[in-house]
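Student: Can you look at this prediction? I've put the sequence above it.
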Number of protein chains: 2
Amino acid sequence: MKIDLLIHNAKQLITCASPNGAKRGQAMRDVGLISNGAVAVSDGEIVAVGPAADLRADYIARETVDAGGKVVCPGFVDPHTHAVYAGDRAAEFEMRIQGASYMEIMNAGGGIVSTMKAVRAASVEQLAAETRPRLDAMLALGTTTVEIKTGYGLDTASELKMLQAIAELDRTHPADIIPTFLGAHATPPEYKNNPDGYIDLVINKMLPAAAEWYRHSSFVACHSPFFCDVFCEANVFDRAQSKRALEAGLKLGLAPKIHADEFENLGGVSLAVELKAVSADHLDVTPPAEIEALAASNTVGVVLPAVNFNLGSAHFANARAMIDAGVALALATDINPGSAPCPSMPLVMALAARYQRLLPAEALNASTINAAHALGLGDRLGSLEVGKQADFLIVNAPDYRHLAYQFGVNLVDRVFKRGRGIL
Amino acid sequence: MKIDLLIHNAKQLITCASPNGAKRGQAMRDVGLISNGAVAVSDGEIVAVGPAADLRADYIARETVDAGGKVVCPGFVDPHTHAVYAGDRAAEFEMRIQGASYMEIMNAGGGIVSTMKAVRAASVEQLAAETRPRLDAMLALGTTTVEIKTGYGLDTASELKMLQAIAELDRTHPADIIPTFLGAHATPPEYKNNPDGYIDLVINKMLPAAAEWYRHSSFVACHSPFFCDVFCEANVFDRAQSKRALEAGLKLGLAPKIHADEFENLGGVSLAVELKAVSADHLDVTPPAEIEALAASNTVGVVLPAVNFNLGSAHFANARAMIDAGVALALATDINPGSAPCPSMPLVMALAARYQRLLPAEALNASTINAAHALGLGDRLGSLEVGKQADFLIVNAPDYRHLAYQFGVNLVDRVFKRGRGIL
């Protein structure tokens, strides 16, 4: 059979195959390793995966790529980011090291409001231009699909502007971008001390405008999902406010996601389970009963250890307990200018292995197949299986475990997106 | 005046200038920032540093490089590494995550003895070939000078083989390599329970052979120092054994360095001060009195936060207290296959900023000028000052603080070594 592309001589072909949904429990220890493997690709899709000897006999490829005895694995999926923003917060970072309090940083013009101001002042083109190098860095580090949230505009026009920047990036960047509306990221200064009033604005103005934008966007044509997220947290939005926003999103066709339990437990995970959210994210202080509820649901748990690292914290989400309880666990960078100026899924894997006791196999499954499920795209992305999009990496290592074992170095040698070698 | 090279349009030219020795105290907060700066280079040396307008008027350059409004800073100096080794320890890393004890890992063939066996079995050429990609990664991450220790051979022939690999790498790699003899890194199986007998071997056989090797090496011609190091630690070598080895080295012209206080305090810092060691390294459990003694000495304190990170530890050396006490502090990766599979000085800076409360300026001085002083090379390397070797970086950021603020990403855009653009 004639095909477009055959990748062969992968010392370890890591499929992360999981035909029956996200991986849980012992399955997270299995990366679907095929020794001396090969992948056959046509029309941007995987048509065969298996031992190189078999595939070389079965297929005639227009292009053959020798993986050089290295590791081949799925492209990483980063299912939780705030990658679109303007400016940076390096000065605030320095203030925090010097011991400045949250209020001192706010009074010095720092915090999320400083990013909100920069985003409100930027054009769509500026936002896309500032974000593109971040996506380039992410792609070079192996991330082939990136979820990006709004939530720095915090007014209708600026939130739409962020969505337009996200669409522009998806159109022009090799990575696939998945949009999430996060109008309820913070209460803007105009609604200070009136979060309910702001949630009303989100529900009555922003969400309908976002849903209307989506209907006319390029994302519809490629069957990309559109998510609605909310920051359910003490001093941000409580459980009732979060529920109102997510239910309004659901009515307009936006699938729910939630920021839950980053600092205080407000029952966000139980809300995610109740609303059948595709994911519940952060989970730093989720109590055992809610971990059990999450494990019993189809909601993916997404942990973000780069945030804890950025705080110089010794506390990390109890991802070990989550996996052991049966949660379908995913990892993400949460890249943003305040709490995680980090584009690297491999560093997140290295963190998870050391501070959350994930095995390298668990960290890799959490960054590929389970991360795809955290975006509702587990049937299309995140593993090397027949019929899936041909997004994969050649990793310069003798063993997939090096992705978590080595740190501070980029082992990604080549990146293939829809069967095309783009890096 | 005609020169070889002019780098101009550096939005921030970071000199790390320190004409009077290593930086201490408040001086560590000063990176010697020149806005819109330039550097003039001839014969691989810096001939002028200053505002771009001045230098463009004063010099006619054969080659002009536009730094593109980015940051220009000294190349990083990594003053503590075990970069020469064979094999890897990814399997042991996985065992540790699963909770294996030190003894279980040793019984499974892991630990330092596994690297010793791999090194003993390797040729000089193999050692150099396995190390070269690590040096390439370090260089791409901005490290232009690398100290490398022996200490995985643990017999005379194998320690000499490591020195030969170090010399071969220095000869063929763009980075400058500084050799350190660390025969007293561990007691090899042949001397089990007889560390004094092994120290006798180090003193009577290895050190004389190493000193003889050095006299005939290419390092002599370029006035490179040669250090003698020892692992002063509970269950490794006690203070008396460490002192014997370092004093024997001193008699042969090897300047002392020491691994001190990684796990237990044996008085290694006071020994370093007593012997006027160029540096005392690790310092994870150094008590306040010894911090004071270090501050009052010319010995540089070198901390290695990638090691603590690799253990998933919340405990890091109290580098904040050291700087506040007046210690001349430096950072290093400690890259090695067991406790720090990490080539990245920027990630070490990011760690130090978050877990040791170093300001970005302190972390940068600790990775440049003070790291050069930790190798006794502060008069030649580590800052952009007239007469120094022209080793510098163009960093893709609007502000030097991004080197510590962002993490998991390589911001180094170009690397210049002795005035030549090599990356």
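Tutor: Now that the structure is in, tell me what you want to look at.

Student: got the residues of the stretch 101-250 of chain A near chain B?
Tutor: A:Pro133, A:Ala137, A:Leu141 (CB under 8 Å from any CB of the partner chain). (Each C-beta comes from the backbone N, C-alpha and C, glycine too.)

Student: Neighbours of the first one, how many?
Tutor: Think A:Pro133. 12 (other CB atoms under 10 Å in any protein chain shown).

Student: which residues of the stretch 51-200 of chain A fall in helices?
Tutor: With DSSP state H, counting those that start in this stretch as the criterion, the stretch 51-200 of chain A has helices at A:52-58, A:90-97, A:102-107, A:112-121, A:124-140, A:156-172, A:195-201.

Student: I'd like to know which elements the last one is packed against.
Tutor: Think helix A:195-201. Helices and strands touching helix A:195-201, by 3 or more CB pairs under 8 Å, 6 or more residues apart in numbering or on different chains; DSSP states H and E, are strand A:176-184, helix A:239-251.

Student: Mean neighbour count, those: which tops it?
Tutor: Comparing these on average neighbours per residue, with mean count of other CB atoms under 10 Å in any protein chain shown, the densest one is strand A:176-184 at a mean of 27.

Student: Kindly reformat the helices of the stretch 51-200 of chain A as a markdown table containing distance to A:Pro208 and mean pLDDT.
Tutor: Putting the helices of the stretch 51-200 of chain A into a markdown table (distance: least, CB to CB, whole Å; pLDDT from 0 to 100) gives the following:
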| stretch | distance to A:Pro208 | mean pLDDT |
| --- | --- | --- |
| helix A:52-58 | 50 | 94 |
| helix A:90-97 | 34 | 96 |
| helix A:102-107 | 31 | 83 |
| helix A:112-121 | 21 | 97 |
| helix A:124-140 | 20 | 98 |
| helix A:156-172 | 9 | 98 |
| helix A:195-201 | 11 | 98 |
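
Student: how about A:Leu154, phi and psi?
Tutor: The phi/psi pair for A:Leu154 (degrees, to the nearest 10) reads phi 60, psi 20.

Student: Torsion angles phi and psi at the nearest residue to it once chain neighbours are set aside?
Tutor: Leaving aside its sequence neighbours, A:Leu154 sits nearest to A:Pro188 (CB to CB, 6 or more residues apart in numbering or on different chains; 3.8 Å). Backbone torsions for A:Pro188, taken as degrees, to the nearest 10, come to phi -70, psi 160.

Student: A:Val269 touches A:Leu283, doesn't it?
Tutor: Yes. Here A:Val269 lies in contact with A:Leu283, judged by CB atoms under 8 Å, at a distance of 7.0 Å.

Student: Now do the shared contacts for the two.
Tutor: Counting by CB atoms under 8 Å, 6 or more residues apart in numbering or on different chains, the contacts common to A:Val269 and A:Leu283 are A:Ala260, A:Asp261, A:Leu294.

Student: The first one - how many residues pack around it?
Tutor: The number of residues packed near A:Ala260 is 32, by other CB under 10 Å.

Student: Kindly report the same for the second one.
Tutor: Counted with other CB under 10 Å, residues neighbouring A:Asp261 total 23.

Student: Kindly report the same for the last one.
Tutor: Applying the criterion other CB under 10 Å, we find 27 residues in the vicinity of A:Leu294.

Student: Could you dump the helices of the stretch 51-200 of chain A into CSV and include distance to B:Tyr152?
Tutor: Output for the helices of the stretch 51-200 of chain A, formatted as CSV (distance: least, CB to CB, whole Å):
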stretch, distance to B:Tyr152
helix A:52-58, 35
helix A:90-97, 36
helix A:102-107, 47
helix A:112-121, 48
helix A:124-140, 32
helix A:156-172, 47
helix A:195-201, 59
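
Student: Point me to the residue of the stretch 101-250 of chain A nearest chain B.
Tutor: Chain B sits closest to A:Ala137 of the stretch 101-250 of chain A, with a gap of 5.1 Å, by CB to the nearest CB.

Student: Surely that residue is in contact with A:Pro341?
Tutor: No. A:Ala137 is beyond contact range of A:Pro341, at 10.9 Å (criterion: CB under 8 Å).

Student: What's the separation between A:Glu190 and A:Asp155?
Tutor: Distance, A:Glu190 to A:Asp155, using CB to CB, to the nearest Å: 8 Å.

Student: For these two, indicate the residue with more neighbours.
Tutor: Neighbours were counted for A:Glu190 and for A:Asp155 using other CB under 10 Å; A:Asp155 has more, 18 against 11.

Student: pull the CA atoms of the helix or strand bottoming out on mean pLDDT in chain A into CSV?
Tutor: Least confident element among the helices and strands of chain A, by mean pLDDT, DSSP states H and E: helix A:102-107 (a mean of 83). Extracted as CSV, the C-alpha positions of helix A:102-107 are listed here (Å, rounded to 0.1, in the frame of the first residue of the first chain):
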residue,chain,number,x,y,z
TYR,A,102,-0.3,40.5,47.4
MET,A,103,-1.7,43.9,48.3
GLU,A,104,1.7,45.6,47.9
ILE,A,105,2.0,44.1,44.5
MET,A,106,-1.5,45.2,43.6
ASN,A,107,-0.8,48.7,44.9
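
Student: What helices and strands are in contact with it?
Tutor: Packed on helix A:102-107, when contacts are counted by 3+ CB pairs under 8 Å, 6+ apart, are helix A:90-97.

Student: other SSEs contacting the helix it packs on?
Tutor: Here helix A:90-97 touches helix A:102-107, helix B:345-355, helix B:360-367, helix B:402-405, going by 3+ CB pairs under 8 Å, 6+ apart.

Student: try it again with 6 Å
Tutor: Counting contacts by 3 or more CB pairs under 6 Å, 6 or more residues apart in numbering or on different chains; DSSP states H and E, helix A:90-97 is packed against helix B:402-405.

Student: Tell me who's in contact with the residue nearest the centre of chain A.
Tutor: Nearest residue to the geometric centre of chain A (CA atoms, centre = their mean): A:Pro79, 1.6 Å. By CB atoms under 6 Å, 6 or more residues apart in numbering or on different chains, A:Pro79 lies in contact with A:Glu147, A:Val302, A:Ala330, A:Ala332, A:Ala371, A:Ala374, A:Leu375.
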